[in-house]
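Asker: sequence and predicted structure, then a few things I'm wondering about:
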Amino acid sequence: MNIFGSKIIVTGGSSGTGKATAALLASKGAEVLITGRDAARLAHSAEQIGCNWLEADVSRQEEVDKIFT
């Protein structure tokens with residue numbers, strides 16, 4: 001599957017499986033946005049991966065809404 005240029009959101013992207021998934025997708029040419037609850041960890045992970053980040057707690061609807069605005 002070719003994902004080059006795809007826009008993908010990965011929740012929990014600052015560590016663990018989410019971070020690994022985001023890194024793999026970015027390495028395949030996807031434009032990746034990682035989200036999570038800790039801005040410092042997100043910024044650090046995004047710098048390592050080469051993607052964008054947004055602090056958002058996906059258990060709160062109003063924060064999910066801000067991901068898509």
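Answerer: The structure has been received and is ready for your questions. Numbering: from 1, shown residues only.
Asker: please enumerate the helices of the chain.
Answerer: With helices called from DSSP state H, the chain shows them at 16-27, 39-49, 61-67.
Asker: give me every residue that touches residue 44.
Answerer: residue 14 (CB atoms under 8 Å, 6 or more residues apart in numbering). In this view, the C-beta of every residue, glycine as well, is placed from N, C-alpha and C.
Asker: so where's this structure shaky on pLDDT?
Answerer: Across the chain, nothing is flagged by pLDDT under 70.
Asker: residue nearest the centroid of it?
Answerer: Against the mean C-alpha coordinate of the chain, by CA atoms, centre = their mean, the closest residue is residue 34 at 1.1 Å.
Asker: phi and psi next, for the residue lying closest to it once chain neighbours are set aside.
Answerer: Distance criterion CB to CB, 6 or more residues apart in numbering; nearest residue to residue 34, sequence neighbours excluded, is residue 13 at 2.5 Å. Phi and psi for residue 13, reported as degrees, to the nearest 10, are phi -80, psi 0.
Asker: okay if I get the helices of the chain as TSV plus distance to residue 1?
Answerer: Converted to TSV, the helices of the chain look like this (distance: least, CB to CB, whole Å):
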stretch	distance to residue 1
helix 16-27	11
helix 39-49	20
helix 61-67	24
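Asker: which residues touch the closest residue to residue 21 other than its chain neighbours?
Answerer: Nearest residue to residue 21 in three dimensions, chain neighbours excluded: residue 10, at 5.5 Å (CB to CB, 6+ apart). Listed by CB under 8 Å, 6+ apart, the contact partners of residue 10 are 18, 21, 22, 25, 32, 33, 34, 35.
Asker: how many other residues sit next to the residue nearest to residue 34?
Answerer: 29 (other CB atoms under 10 Å).
Asker: I'd assumed residue 29 was in contact with residue 51.
Answerer: No - here residue 51 does not reach residue 29: they are 11.7 Å apart, not a contact under CB atoms under 8 Å.
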